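# I would like to see how this sequence folds:
(one chain, ligands or ions: 3)
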Amino acid sequence: MGNGRWKTVRENQTLRAQVPLVHCITNYVTVNDVANAILACGGSPIMADDIAEAADIAAVSSALVINIGTLNARTVASMLSAGAAANAKGVPVVLDPVGAGASALRNDAVRRLLEAVRFAAIRGNLSEISHLAGLSVSTRGVDSSEADSGNDAVSVARAAARRYGCVVAVTGAVDVITDGARVARVENGVPEMSRVTGTGCMLSGVIGAYVGANRDVLPAVVAAVASMGIAGELSLERHGGAGTGSFHIGILDALSKITDETIEKRGRITYEEEH
Ligand SMILES: Nc1ncnc2c1ncn2[C@@H]1O[C@H](COP(=O)(O)OP(=O)(O)OP(=O)(O)O)[C@@H](O)[C@H]1O
Ligand SMILES: Cc1ncsc1CCO
Ligand SMILES: [Mg+2]
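Ligands and ions are numbered 1, 2, ... in the order given. Okay, the predicted model is just below:
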């Protein structure tokens, strides 16, 4: 088991140089924040959820982000269609299983998506990923529930990563990112981030941009997760006293300024390898 600082390979610079097109089928609560977060970190968002175009858009994008936050029968069909088109073209697909565990509709949708689509990365809070890992959860809504804090983020993330054969990020006070064997922990971020809706959705969009531009999924997801946490810290330093509205906008400001040097300097990232 080796410990050490994660060595980034200029994921942010690569992203800003490539300006990947990121197709999002996402929720109507935070859709504008997701689009602006993708733009801020260097990508180009396109929101398209009609069944008549979802596959066409996915096929020409650099990444597809599927977020089930306000799913319905119409958008789930589009998610499946876009996912199949992305898989056929080798376009990486990211899943944000918002509220998984909270209703039969959500559980059925994530089951169908995970059966039909090959994901490059999945990001959710501990409750959501616990549900995906097959553990019983007491999720009541879209926020992680206290009752699940007994589940250990590393074991949950690792179990989900092995089950679905992809990179999994469990976010919260400490973020855990794993491909099932290698585990990175990111200790950036501030508790205030859970008082603004959509920081998780924004991060999933940002992960789409990073994996759309960088071939290695694990370090791309680590860089994305670290940049979101750092953006929260920078915004709190700047707007802390003003309340959650300014703090919210400050996250976008900070994301738009982040560079690999910022991630290198401010990232609190540890990395372990399982032998
Ligand atoms: N207590 C905390 N301390 C530090 N960072 C936090 C804390 N809670 C959340 N974060 C950060 O906030 C971001 C969103 O993570 P979170 O797990 O809250 O997502 P989420 O529950 O899916 O959010 P949403 O559904 O509102 O979009 C991540 O960057 C995470 O690191
Ligand atoms: C509040 C909320 N409800 C469905 S999606 C969403 C945004 C945060 O996930
Ligand atoms: Mg969420």
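# Can you mark which positions in the one helix or strand Thr14 maps to are buried?
With elements delineated by DSSP states H and E, Thr14 resides in helix 11-18, which encompasses its position. Residues of helix 11-18 classed as buried by neighbour count (16 or more other Cβ atoms under 10 Å): 11-12, 14-16, 18. Any C-beta I mention is one placed from the backbone N, CA and C, and that applies to glycine too.
# Can you show me the strands along the stretch 101-250 of the chain?
Using DSSP state E, counting those that start in this stretch, the strands found in the stretch 101-250 of the chain span residues 121-125, 167-171, 175-178, 182-186.
# As CSV, the ones you listed with mean neighbour count, distance to Ala88 and mean pLDDT would be great.
What follows is the strands of the stretch 101-250 of the chain, written out as CSV (neighbours: other Cβ atoms under 10 Å; distance: least, Cβ to Cβ, whole Å; pLDDT from 0 to 100):
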stretch, mean neighbour count, distance to Ala88, mean pLDDT
strand 121-125, 29, 18, 98
strand 167-171, 30, 21, 98
strand 175-178, 27, 27, 98
strand 182-186, 21, 28, 96
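# in stretch 42-61, what counts as buried?
By neighbour count, with 16+ other Cβ under 10 Å as the criterion, the buried positions of stretch 42-61 are 42-45, 47-49, 54-55, 57-59, 61.
# first vs last residue of it, how far apart are they?
Using Cα to Cα, to the nearest Å, the span of stretch 42-61 from its first residue to its last is 15 Å.
# now swap in stretch 110-130 and tell me
Separation of the first and last residues of stretch 110-130 by Cα to Cα is 13 Å.
# can it be found next to ligand 2?
No. Figure legend: stretch 110-130 not in contact with ligand 2 (Cβ under 6 Å from any ligand atom); closest approach 9.2 Å.
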